[in-house]
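Novice: quick one: sequence and predicted model below, then my questions.
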Amino acid sequence: MTPTLADIHAAAQVLRGVADGTPLVPSPFMTEAGGQEFLLKLENMQPIGAFKLRGAFNAVASVMDAPGVTCCSTGNHGRGVAFAAREKGMRAVICMSELVPQTKVDGIRALGAEVRIAGRSQDEALAESLRLVEEEGLVEISPFDDAAVIAGQGTIGLEMMAKRPDLETILVPLSGGGLAAGVALAAKAINPHIRVVGITMDRGAAMYESIKAGRPVEVEEVASLADSLGGGIGMENKLSFPMCRDLLDDVVLVSEEEIYHAMQVLYYEDRIVAEGACVVGMAAVLNGKVTLNGPTATIVTGRNLDMEMFTRIVTGQDVQLGGVTVAGRPYRRAA
């Protein structure tokens, strides 16, 4: 069933003391760049380094009688499920594609979960997860198309609105839609006039293409600086797709070059180490793709990134993404 504001409040109780209360802090540089007060919700401060702990923990807590849990993941959801399963004493098997950076695979194994590498797409990883459901009786925890997961992510929206009820716009990194759906549900239930914009990369943007087509569609997955926004939304998507379609006011695309520069901005101006997916909202503002009309916030979704690649970015070096080169440039503050 589609989650409600009551479900989000219930999730907040489940998460209390585990994955709640991250800071919402001002970014003076982005405030100047966007012409309006700009705030950062620091979900990179979660125990697993990413917001995904919220939805994963809430979902795992709802299936305690199962022999174990499984999921497909581009990294952070798997880490969240692994953390939650360890806390609850449950078996966890995380299915991932070959495109997932090794640092994220290693992080999940360090939490005690089993990792299965299956194919080169989220769809192939999902097929392996569903096989485990069928053959071993594990419960599949979707990264996004799950009511408990969406409710857990929605607690971010509750916290943002409680801290700043005057927010005019929330810029949400958009992938499978669990975060965007939950945050939009919470924010709009509290203030129906708030604007919620989904932001994603311009290559392999599954939710964007699906909303444009009016139904879930498959896209070619490609390497991206915003790797945690990769993957499909599932051809049988029942929750996150219709919620994003109905609740998001707009979806905006940013390029790899724009993500590269925004990662530098977040590092040099706000002193924050974070994944490429975290900065897509900033990239949209910095490149004039979103106009701000009042206090605005975005979500710094996680810090679980390849530090070698991050070092190349902040030192202005070229970065290879599959067969594509993102040309480096040293960071210079705009005049």
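Specialist: Done, it's in. Numbering: from 1, shown residues only.

Novice: give me the helices and strands touching the lengthiest helix in the chain, please.
Specialist: In the chain, with assignment by DSSP state H, the single longest helix is helix 147-163. Under the contact definition 3 or more CB pairs under 8 Å, 6 or more residues apart in numbering; DSSP states H and E, helix 147-163 sits against helix 5-15, strand 24-26, strand 38-42, helix 52-61, helix 178-190. Bear in mind the C-beta positions are built from the backbone N, C-alpha and C, glycine included.

Novice: packing partners for the helix or strand of the chain with the lowest mean pLDDT?
Specialist: Here the helix or strand of the chain ranked lowest by mean pLDDT, DSSP states H and E is helix 102-110, holding a mean of 89. Where contact means 3+ CB pairs under 8 Å, 6+ apart, helix 102-110 is packed against helix 76-88, strand 91-96, strand 114-117.

Novice: direction included, what does the second one pair up with?
Specialist: Each strand pairing with strand 91-96, determined using DSSP bridges, is listed with its direction: strand 68-72 (parallel), strand 114-117 (parallel).

Novice: residue boundaries of the helices in the stretch 151-300 of the chain?
Specialist: Remark: helices assigned in the stretch 151-300 of the chain by DSSP state H, counting those that start in this stretch are 178-190, 206-213, 240-247, 256-270, 280-286.

Novice: mark out where each domain of the protein begins and ends.
Specialist: 5-50+147-326, 52-140 (automatic domain parsing).

Novice: how about Ile48, secondary structure?
Specialist: coil (DSSP: H, G, I helix; E, B strand; the rest coil).

Novice: list the contacts of it.
Specialist: 76, 79-80, 83, 107, 111, 304 (CB atoms under 8 Å, 6 or more residues apart in numbering).

Novice: how far is the longest helix of the chain from where the chain is centred?
Specialist: 13 Å (CA atoms, centre = their mean, to the nearest Å).

Novice: oh, and call the first residue 829 from now on, that's how I've got it
Specialist: From this message on, residue numbering opens at 829, which makes the last subject helix 975-991.

Novice: okay, the angle between it and strand 866-870?
Specialist: 140 degrees (axes from the mean of the first three to the mean of the last three CA atoms, to 10 degrees).

Novice: tabulate the helices and strands packed on helix 975-991 (TSV), appending mean pLDDT.
Specialist: Converted to TSV, the helices and strands packed on helix 975-991 look like this (pLDDT from 0 to 100):
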stretch	mean pLDDT
helix 833-843	98
strand 852-854	98
strand 866-870	98
helix 880-889	97
helix 1006-1018	98
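
Novice: out of the ones you listed, flag the one nearest Ala1125.
Specialist: strand 866-870 (4.0 Å; CB to CB).

Novice: what does the closest one contact?
Specialist: Around strand 866-870, the neighbours that count as contacts under CB under 8 Å, 6+ apart are 850-855, 858-859, 984, 987-988, 992, 995, 1098, 1100, 1113, 1120, 1123-1128.

Novice: could you rerun that using 6 Å?
Specialist: Here strand 866-870 makes contact (CB atoms under 6 Å, 6 or more residues apart in numbering) with 850-855, 858-859, 988, 1124-1125, 1127-1128.

Novice: repeat that for stretch 1150-1163.
Specialist: Applying CB under 6 Å, 6+ apart, the set of residues contacting stretch 1150-1163 from outside is 1051, 1084, 1088, 1092, 1096, 1144-1147.

Novice: rounded mean pLDDT for it, please.
Specialist: Averaged across stretch 1150-1163, pLDDT comes to 87.

Novice: please apply the same query to stretch 995-1003.
Specialist: pLDDT averaged over stretch 995-1003 gives 98.

Novice: surely Val1113 and Gln864 touch.
Specialist: No: counting by CB atoms under 6 Å, Val1113 sits too far from Gln864 to count as a contact (9.2 Å).

Novice: of those two, give the one with the bigger neighbour count.
Specialist: Val1113 (25 against 17; other CB atoms under 10 Å).

Novice: list the contacts for that one?
Specialist: Contacts of Val1113 by CB under 6 Å, 6+ apart are Gly862.

Novice: from Ile945, how far out is Leu999?
Specialist: Leu999 sits at a distance of 33 Å from Ile945 (criterion: CB to CB, to the nearest Å).

Novice: over to Leu1057?
Specialist: Shown here: Leu1057 relative to Ile945, a distance of 20 Å by CB to CB.

Novice: so which of the two has more stuff around it?
Specialist: Ranked by neighbour count (other CB under 10 Å), Leu1057 and Ile945 place Leu1057 first, with 25 against 15.

Novice: ok, the more buried one - contacts?
Specialist: Taking CB under 6 Å, 6+ apart as the test, what Leu1057 contacts is 1003, 1028-1029, 1105.

Novice: show me which of those is closest to Gly917.
Specialist: Of all the contacts of Leu1057, Gly917 sits closest to Ser1003, with 29.6 Å by CB to CB.

Novice: once you drop chain neighbours, what's closest to that closest one?
Specialist: Leu1057 (4.2 Å; CB to CB, 6 or more residues apart in numbering).

Novice: alright, I will stop here.
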